[in-house]
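Peer 1: Need a 3D model of the following:
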Amino acid sequence: GGRRAVSDLNLEIRAGDICGFIGHNGAGKTTTLRSVAGILDFEEGDILVLGRSMREDPLWCKRQLAYIPDNPELYEYLTGIQYLNFIADVFAVTGEERTERIREYGDRFGITGRLGDLISSYSHGMKQKLALLSALIHRPRLLLLVEPFVGLDPEAAVVLKQAMRELCESGGAILFSTHVLEVAEKLCSRIAIIRQGRLAADGKLDEVMEALSVHYEREAGIAQAIKNAVTYPLIMVFMMLLVILVLVTKVMPIFNQVFRQLGSEMTGLSKAILDFGTAINRYSVVLIVLVALLAVLILYFGKTKSGR
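Peer 2: Below you'll find the model as predicted:
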């Protein structure tokens with residue numbers, strides 16, 4: 001439709017940064033990462049990789065990157081080693097470098113013994129490890145990851161964290177999306193929070209948390225003001241109904257006597273009013289209690305939420 005997935009996003013990832021990209025489902029995390037990777041086109045603005053434009057020089061920019069989605073699509077008719085050599089060829093990694101890196105990361109992720117097997121025989125976790133190895137094989141300047149720890153066993157998760165730190169220590173940078181705040185707290189040097197397609201906060205973790213607390217306190221104040229504007233009028237309405245019901249129960253017996261004296265001269269409307277009065281009298285106590293209870297509940301929940 002006409003809704004923009006991401007709008008007016010200005011985010012700089014510097015060398016050495018491990019930046020956690022946090023946001024709810026549909027906030028625009030994956031759209032942003034796919035755009036930075038050059039997979040998804042964008043209508044306005046530009047993406048600069050080491051100062052060069054993704055619009056003007058996309059191939060050069062993509063050579064500096066590696067992107068791993070949450071569910072990587074691999075060529076399953078290839079063996080693991082064939083796939084890695086294919087990726088190394090794409091990025092012009094020399095034979096000596098690729099051999100060394102495949103052995104290093106293959107051993108660390110525990111998949112060296114399976115590299116000769118077809119990828120179609122791999123489990124989801126094995127495919128994810130192979131994809132991570134293929135991303136690291138050309139030592140990218142910027143590594144883009146979507147929920148990289150989902151599906152990894154604990155040992156592989158530790159290896160990935162070590163590899164991420166090593167990449168950044170050598171001058172690279174990482175931007176990865178995650179729903180796990182604990183991972184971001186322990187691993188990231190920076191946090192960026194996206195909300196409804198716009199950057200809500202960006203900086204060190206303590207700075208971001210402080211900015212968010214101020215933001216949410218302000219929103220809570222606005223929400224409470226709106227709640228009060230609705231709650232108290234509703235209470236007044238119910239109190240008026242309560243008063244009316246009490247009055248009706250006092251007045252209806254008088255009307256009943258008048259209508260009974262009319263006898264056969266009562267019209268259809270008169271009979272309807274008489275029936276209504278009889279019903280009100282019969283259930284007056286129940287109605288008064290219900291109305292009073294609703295008023296109390298509205299007041300209680302209004303005060304409870306305002307105190308949170």
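Peer 1: Where does the prediction get shaky in the stretch 201-308 of the chain?
Peer 2: Residue ranges of the stretch 201-308 of the chain with pLDDT under 70: 209, 211-292, 294-308.
Peer 1: at 80 instead, please
Peer 2: Screening the stretch 201-308 of the chain residue by residue with the criterion pLDDT under 80, one finds the ranges 205-308.
Peer 1: so how far is Leu59 from Asn85?
Peer 2: When distance is defined by C-beta to C-beta, to the nearest Å, Asn85 is 21 Å away from Leu59. Where you see a C-beta, it was placed from the backbone N, CA and C, and this is true even at glycine.
Peer 1: So between those two, which is more surrounded?
Peer 2: Per other C-beta atoms under 10 Å, whichever of Asn85 and Leu59 has more neighbours is Asn85, with 18 against 7.
Peer 1: Now do the same for the more buried one: helix, strand or coil?
Peer 2: For Asn85, the reduced secondary structure class is helix; criterion used: DSSP: H, G, I helix; E, B strand; the rest coil.
Peer 1: For Asp8, see how far away Leu78 is.
Peer 2: Relative to Asp8, Leu78 is positioned 41 Å away (C-beta to C-beta).
Peer 1: Which one's more surrounded, those two?
Peer 2: Each of Leu78 and Asp8 had its neighbours counted (other C-beta under 10 Å), and the higher figure belongs to Leu78 (15 against 10).
Peer 1: Chain neighbours aside, what residue packs nearest to that one?
Peer 2: The spatially closest residue to Leu78, leaving aside those adjacent along the chain, is Ile119, at 5.9 Å (C-beta to C-beta, 6 or more residues apart in numbering).
Peer 1: for Ile13, same thing?
Peer 2: Excluding the flanking residues, the one nearest Ile13 by C-beta to C-beta, 6+ apart is Ala173, at 4.9 Å.
Peer 1: Specify the beta-bridge partners of the one you found.
Peer 2: As for beta bridges, Ala173 partners with Leu142 under DSSP bridges.
Peer 1: Contacts only, for it.
Peer 2: With contacts defined as C-beta atoms under 8 Å, 6 or more residues apart in numbering, Ala173 is in contact with Ile13, Arg14, Ala15, Gly16, Asp17, Ile18, Cys19, Arg141, Leu142, Leu143.
Peer 1: Closest one of those to Arg165?
Peer 2: Distance to Arg165 across these (C-beta to C-beta) is lowest for Ile18, with 7.2 Å.
Peer 1: circling back to that earlier point, can you give me phi and psi for the residue nearest to Leu78?
Peer 2: Listed backbone geometry of Ile119 is phi -60, psi -30, with angles given as degrees, to the nearest 10.
Peer 1: That one touches Lys127, doesn't it?
Peer 2: Yes. Under the criterion of C-beta atoms under 8 Å, Ile119 makes contact with Lys127 at 6.6 Å.
Peer 1: residues shared between the contacts of the two?
Peer 2: Common neighbours of Ile119 and Lys127 (criterion: C-beta under 8 Å, 6+ apart): Leu74.
Peer 1: and the residue lying closest to His138 once chain neighbours are set aside, how far is that from Pro58?
Peer 2: The shortest distance from His138 to any non-neighbouring residue, by C-beta to C-beta, 6+ apart, is to Phe91 (3.8 Å). Applying C-beta to C-beta, the value for Phe91 to Pro58 is 15 Å.
Peer 1: How about Arg14?
Peer 2: As for Arg14, its distance to Pro58 is 22 Å (criterion: C-beta to C-beta).
Peer 1: more crowded one of those two?
Peer 2: Using other C-beta under 10 Å as the criterion, Arg14 and Pro58 rank with Pro58 on top: 14 against 9.
Peer 1: contacting residues for the residue nearest to that one when sequence neighbours are not counted?
Peer 2: Leaving out its chain neighbours, the residue that sits closest to Pro58 by C-beta to C-beta, 6+ apart is Gly38, at 5.2 Å. Applying C-beta under 8 Å, 6+ apart to Gly38 gives the contacts Ile47, Met54, Pro58, Cys61, Lys62, Leu65.
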